[in-house]
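> Build the 3D model from these lines:
(one chain, ligands or ions: 2)
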Amino acid sequence: MIPSLEYTDRYYNEGTRTYSSLADYTEADEQYRPNSTYDSFSLVPLRVLKSQVNIYSANPSAQLFNRYIYENEVLFCIHPQVLLNFKQDPYIISMKEKGEVGKRAISVVPSSSTRTLYVLDDGDISHALKVHFPFRISRYGRKMRDEVIGQAINISLELEEGIKHLDDDFAFLREVLGVSHKNLDILSARNENWGYLVRDMRPFPHVSESRTLLPGFALYGRNFFDPEKPPLLYQLIGNENPLDFVLGNIMLPIIRHWVDCFLRFGYMLEPHGQNVLLELNESGGVERIVHRDLSVGIDMRRRRQIGLSQGNLNNYNRMESGEFNSITYDMFMGGHFFDAVVSCCLKRYPQLTVEDFRAPCRQLFAEIFPEYRKFLPATVHYFSEKRDQFNKPLYKDTGKSPEWRP
Ligand SMILES: Nc1ncnc2c1ncn2[C@@H]1O[C@H](COP(=O)(O)OP(=O)(O)OP(=O)(O)O)[C@@H](O)[C@H]1O
Ligand SMILES: [Mg+2]
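Ligands and ions are numbered 1, 2, ... in the order given. Next up, the predicted model:
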């Protein structure tokens, strides 16, 4: 039996954050970390007048919409660690002055990203809140600025409308609602007003059968309570051929999804072990790959090439060159995720080699994306230790040849 997502997302992630020297760093207090023994915590939203906020939506169900948006007010969800530590934040001051504390606390548990929170008393629709958390987790602080919220909603809508162009084994978690405070500082170099997103946790397109979601890292991550437990990957492979299983159910579909999303929309999916979920049927078979986290880079060169409107997008994460394509494909997917799956596999099946996995991946990539040289650099790129004026890491050329593509 594969445990629930709420369990595997928190407790099957030990020993996985080794892909960079910053990966296991967190400023979240113990009680708000996914890998802690605290069950859940309360998020007490503020009630704020609608005139103080921006509201973005992408086909939320009426139940979900009505839960956060009232006639004249909205619920404004803020992480408790932020409320406690950012008392001088102009947006918190403004909301506390004009708004009031919500009457009902929302009971939540942290997901693997720490700042996305599963809502426990979720009514009819399983959903999560992705909140502003300007503390550093891994490489950078996790703000949820207005333009990031607006863009996630734009992408959710566009992907929902274009889903017919993607394979049947592609699914994603829609970001259906976004709320941000209106900007109070028009002179700042970039708008810093912030808010939260509501993520519908039912993989889209919806299906009626009951299925279990398993995060990519939980295939090879150790159990928090019992590190000696065998990896779940072995359980899923069962008696099947391990190479065929891993290529056919995990790697080749994810490569197709990455390429299709790039070619159709100019999106750079970030399929590392945390953003990818396996959707399992009741017999443990993989039905689909579910992608979460729609804060993707957008290759504007590709969008122009296929005549896709720029009008649906704001300016966030627009890109005009291919470095980030390499970071997402070569590093997030290949280096952070696929290499970890392979090394787990090789421990149990030592007759296999890493090339057995990489060669078919390279071949598929070249076959479905013959124009790739136009859009991706010839060498692997990654984050540099240098930062821009907003403390966002810059990129660097590692000089290495790609391993998961030609
Ligand atoms: N095994 C893992 N691989 C990659 N990231 C992980 C892993 N476990 C936890 N994480 C955390 O998940 C986050 C990944 O960053 P990313 O930008 O994909 O997610 P996010 O935008 O914070 O949230 P979400 O995925 O819920 O939208 C980081 O905070 C990272 O520390
Ligand atoms: Mg993520």
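
> Now the closest residue to ligand 2 within the stretch 251-400 of the chain: phi and psi?
Closest residue of the stretch 251-400 of the chain to ligand 2, Cβ to the ion: residue 293 (3.6 Å). C-betas here are computed from N, CA, C, even on glycine. The phi and psi torsions at residue 293 (degrees, to the nearest 10) take the values phi 90, psi 90.

> and the gap between it and residue 159?
For residue 293, the distance to residue 159 (Cβ to Cβ, to the nearest Å) stands at 12 Å.

> for residue 229, same thing?
From residue 229 to residue 159 the distance is 36 Å (Cβ to Cβ).

> When the two are compared, which one has more neighbours?
residue 159 (24 against 12; other Cβ atoms under 10 Å).

> Check which element follows the strand or helix carrying the more buried one along the chain.
Using DSSP states H and E, residue 159 sits within helix 146-161. Proceeding N to C from helix 146-161, the next assigned helix or strand is strand 170-172, under DSSP H and E.

> Name the next helix or strand downstream of that following strand, please.
strand 175-181.

> which residues in the protein form helices?
5-11, 62-68, 80-85, 90-98, 146-161, 232-237, 242-246, 252-265, 300-305, 323-326, 339-348, 354-368, 372-375 (DSSP state H).

> can you put these in a markdown table and add mean pLDDT?
Converted to a markdown table, these look like this (pLDDT from 0 to 100):
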| stretch | mean pLDDT |
| --- | --- |
| helix 5-11 | 98 |
| helix 62-68 | 97 |
| helix 80-85 | 98 |
| helix 90-98 | 95 |
| helix 146-161 | 98 |
| helix 232-237 | 98 |
| helix 242-246 | 98 |
| helix 252-265 | 98 |
| helix 300-305 | 98 |
| helix 323-326 | 98 |
| helix 339-348 | 98 |
| helix 354-368 | 98 |
| helix 372-375 | 98 |
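
> As JSON lines, those helices with distance to residue 40 would be great.
Listed next are those as JSON lines, based on distance: least, Cβ to Cβ, whole Å:
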{"stretch": "helix 5-11", "distance to residue 40": "10"}
{"stretch": "helix 62-68", "distance to residue 40": "18"}
{"stretch": "helix 80-85", "distance to residue 40": "12"}
{"stretch": "helix 90-98", "distance to residue 40": "23"}
{"stretch": "helix 146-161", "distance to residue 40": "25"}
{"stretch": "helix 232-237", "distance to residue 40": "24"}
{"stretch": "helix 242-246", "distance to residue 40": "34"}
{"stretch": "helix 252-265", "distance to residue 40": "32"}
{"stretch": "helix 300-305", "distance to residue 40": "41"}
{"stretch": "helix 323-326", "distance to residue 40": "36"}
{"stretch": "helix 339-348", "distance to residue 40": "29"}
{"stretch": "helix 354-368", "distance to residue 40": "39"}
{"stretch": "helix 372-375", "distance to residue 40": "43"}
